[in-house]
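K.L.:
after the sequence you'll find the predicted model.
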Amino acid sequence: MAIPPEQFKGILASWASGVTIVTSRSGARVQGMTVSAFSSVSLVPPLILVCADKQAITHGLIQESKVFSVSVLAAEQRELSNRFASKKDEDRRFEGLRCEEGSTGCPRIPGALAWLDCRVVEAVDAGDHVVYIGEVVAADARDAEPLLYFRSRYGVLAGR
């Protein structure tokens, strides 16, 4: 028998992670969401994965367009993480942001530590989420401190 969802969520909060914003575009429609379920998958070919809640508007756009961009957030981007995580005002998440358009057409979050433009190569149904495996078609990074998330709090690396 599986453990209860709240217990599972509490246990997983013990896993420190980086924070990303995943964006997608289909025609004139753009969406984005905060995602901590992000990982590398393969070096050859270059593959990553992101997990998207089936209820998220961004999930539907990725499903439709088959492209997404991942922006790895820098330490000073807590406010953006919160803005893109909130279910409130999803249609206003990009207000005031001057995003560059990636090679996939998806927006890249300005000031991010790194970004990866991807095309979906596989979508795996996984309970209340979909695991999108994306082939990285363009990427870059800059030298900055990452935004970290641990036990429902943000943090930064110590001792650097």
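P.N.:
Right, received. Where do you want to start?
K.L.:
C-terminal to the lowest-mean-pLDDT helix or strand in the chain, what's the next element?
P.N.:
Ranked by mean pLDDT, DSSP states H and E, the weakest helix or strand in the chain is helix 5-12, scoring a mean of 86. The first helix or strand that comes after helix 5-12 along the chain, using DSSP states H and E, is strand 17-18.
K.L.:
what helices or strands is the following helix or strand past that following strand leaning on?
P.N.:
Later in the chain than strand 17-18, the nearest helix or strand by DSSP H and E is strand 20-26. Judged by 3 or more Cβ pairs under 8 Å, 6 or more residues apart in numbering; DSSP states H and E, strand 20-26 is in contact with strand 29-35, strand 47-53, helix 57-65, strand 67-72, helix 78-85, strand 107-108. Where C-beta positions appear, they are placed from N, C-alpha and C, glycine not excepted.
K.L.:
partner strands of strand 20-26 and their direction?
P.N.:
Strand pairing for strand 20-26, using DSSP bridges, gives strand 29-35 (antiparallel), strand 67-72 (antiparallel).
K.L.:
how far out from the middle of the chain is the longest one?
P.N.:
Translated: strand 29-35. Here the centre of strand 29-35 is set off from its chain's centre by 8 Å, with Cα atoms, centre = their mean, to the nearest Å.
K.L.:
cool, and stretch 97-104?
P.N.:
Stretch 97-104 sits 15 Å away from the centroid of its parent chain (Cα atoms, centre = their mean).
K.L.:
dump it to PDB, keeping only the CA atoms.
P.N.:
As requested, the backbone C-alpha atoms of stretch 97-104 are provided in PDB (Å, rounded to 0.1, in the frame of the first residue of the first chain):
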ATOM      1  CA  LEU A  97       9.700  40.500 -18.200                       C
ATOM      2  CA  ARG A  98      11.800  41.100 -21.300                       C
ATOM      3  CA  CYS A  99      12.300  37.500 -22.300                       C
ATOM      4  CA  GLU A 100      14.500  36.400 -25.200                       C
ATOM      5  CA  GLU A 101      13.000  33.900 -27.600                       C
ATOM      6  CA  GLY A 102      14.900  30.700 -27.800                       C
ATOM      7  CA  SER A 103      15.600  28.600 -30.900                       C
ATOM      8  CA  THR A 104      12.300  26.700 -30.100                       C
END
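K.L.:
give me the buried positions along it.
P.N.:
Buried residues in stretch 97-104, counting neighbours by 16 or more other Cβ atoms under 10 Å, are found at 99, 102, 104.
K.L.:
quick one on the thing from earlier: for residue 147, find the nearest of the helices and strands packed on strand 20-26.
P.N.:
Closest approach to residue 147 among the helices and strands packed on strand 20-26 (Cβ to Cβ): helix 78-85, 6.4 Å.
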